[in-house]
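> Give me a 3D structure for the following:
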Amino acid sequence: MIAIVRMVVVLSVLCGLSGFALSYLKMITATAIEEQELTYVQGPALKRVFAQAENSPIADRRGFTLSNGEKVTVFPVMKSGKLVGVALENFGKGYGGPIGVMVGFNTADDTLAGVGMTTMKETPGLGMRVADPGFTTQFMSAATPVNLKNQGGKIDAISGATISSAGSVEAVNKAAQTYMGLKPEIFKAWAK
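Numbers count the residues shown, from 1 in each chain. So this is what the prediction gives:
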C-alpha cells in the first residue's frame, strides 16, 4: 500500500513539473510564434489582397475586442496618409478543418478588395484550389454578403470542392460582419 501511495505521489509531482515546464515554454515562445505567423502566414496573404499598400499593415495592426469578448486583429492599408482599406482574418468550415481567409475591404465603399488564404488542410489538387487566383479573384470588388452561385450568389464554386468553396465564402461573410461591427472603431483608430 505504501508503495502505491509513493508511486502516486512521484507521478503527481512529475506530471505537475511537466505541466509547469510546458506552460512556461508556451509563455516564453508565444511572441516568437506570433511573429512567425505574421511573417509567413498572414503577411503573404495580406500582400495578395493589398499589393499596393504604402504602409506596413503588419506593423500598423491593431487589436480590437468584439462585444462577445473575441479579439480581432485589423490590418490597415494607407495611401497618401489616408486609410483606404483594412484586412482581417476569419475562418470557415472546410473539408479538412478550418479554412483561414484574410479578407480585405475597401473603406470608401465597403466592397471586398480581395481575399488571400492563410491556413487550410483541404484535399490536395481539389480543395486546395480555393487558394488559386481563378477562385479568389471572384471576390474582388464584390459587395457583401457573398454567396455561391448555387445559393443565388455570383461566386463559382470549385468543381468537386463544394465544402471548401462554401467554407471560404463563410469566412468572408464572417469577416464582413466583423468589419461592419467594428467600422466606427476602425475609422476612429486611424483618423487623421
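
> Would you mind giving the secondary structure of residue 141?
Following DSSP: H, G, I helix; E, B strand; the rest coil, we place residue 141 in the coil state.

> That one: what's its closest spatial neighbour, skipping adjacent residues?
residue 111 (5.2 Å; C-beta to C-beta, 6 or more residues apart in numbering). For the C-beta atoms, the positions are set from N, CA and C on the backbone; glycine is no exception.

> hang on, isn't that neighbour packed against residue 139?
No. In terms of C-beta atoms under 8 Å, residue 111 does not count as a neighbour of residue 139; the distance is 9.5 Å.

> Neighbour count for these two, which is higher?
Neighbours were counted for residue 111 and for residue 139 using other C-beta atoms under 10 Å; residue 139 has more, 24 against 15.

> after the helix or strand encompassing residue 11, next one along is what?
Taking DSSP states H and E as the definition, residue 11 sits inside helix 2-37. Next along the chain after helix 2-37, taking DSSP H and E as the criterion, comes helix 43-49.

> buried residues in that next one?
The neighbour-count check on helix 43-49 (16 or more other C-beta atoms under 10 Å) flags 43, 45-46, 48-49 as buried.

> which helices and strands sit right next to that helix?
If you count contacts as 3 or more C-beta pairs under 8 Å, 6 or more residues apart in numbering; DSSP states H and E, helix 43-49 packs onto strand 82-93, strand 98-106, strand 112-119.

> for those strands, which one ends up most surrounded?
strand 98-106 (a mean of 25; mean count of other C-beta atoms under 10 Å).

> Can you give the distance of it from its chain's centre?
6 Å (C-alpha atoms, centre = their mean, to the nearest Å).

> so where's the chain uncertain?
192 (pLDDT under 70).

> centroid residue for it?
Centroid-nearest residue in the chain, with C-alpha atoms, centre = their mean: residue 89, separated by 2.5 Å.

> wait, what's in contact with the nearest residue to that one once chain neighbours are set aside?
Among residues not flanking residue 89 along the chain, residue 102 sits closest, at 5.1 Å (C-beta to C-beta, 6+ apart). Residue 102 makes contacts with 42, 45-46, 48-49, 87-89, 115-118, as judged by C-beta atoms under 8 Å, 6 or more residues apart in numbering.

> could I get those as a markdown table with distance to residue 75?
Formatted as a markdown table, the contacts of residue 102 follow (distance: C-beta to C-beta, whole Å):
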| residue | distance to residue 75 |
| --- | --- |
| 42 | 8 |
| 45 | 10 |
| 46 | 6 |
| 48 | 13 |
| 49 | 9 |
| 87 | 4 |
| 88 | 7 |
| 89 | 9 |
| 115 | 13 |
| 116 | 11 |
| 117 | 15 |
| 118 | 12 |
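
> from those residues, which is closest to residue 66?
Relative to residue 66, the closest of the contacts of residue 102 is residue 88; by C-beta to C-beta it sits at 11.0 Å.
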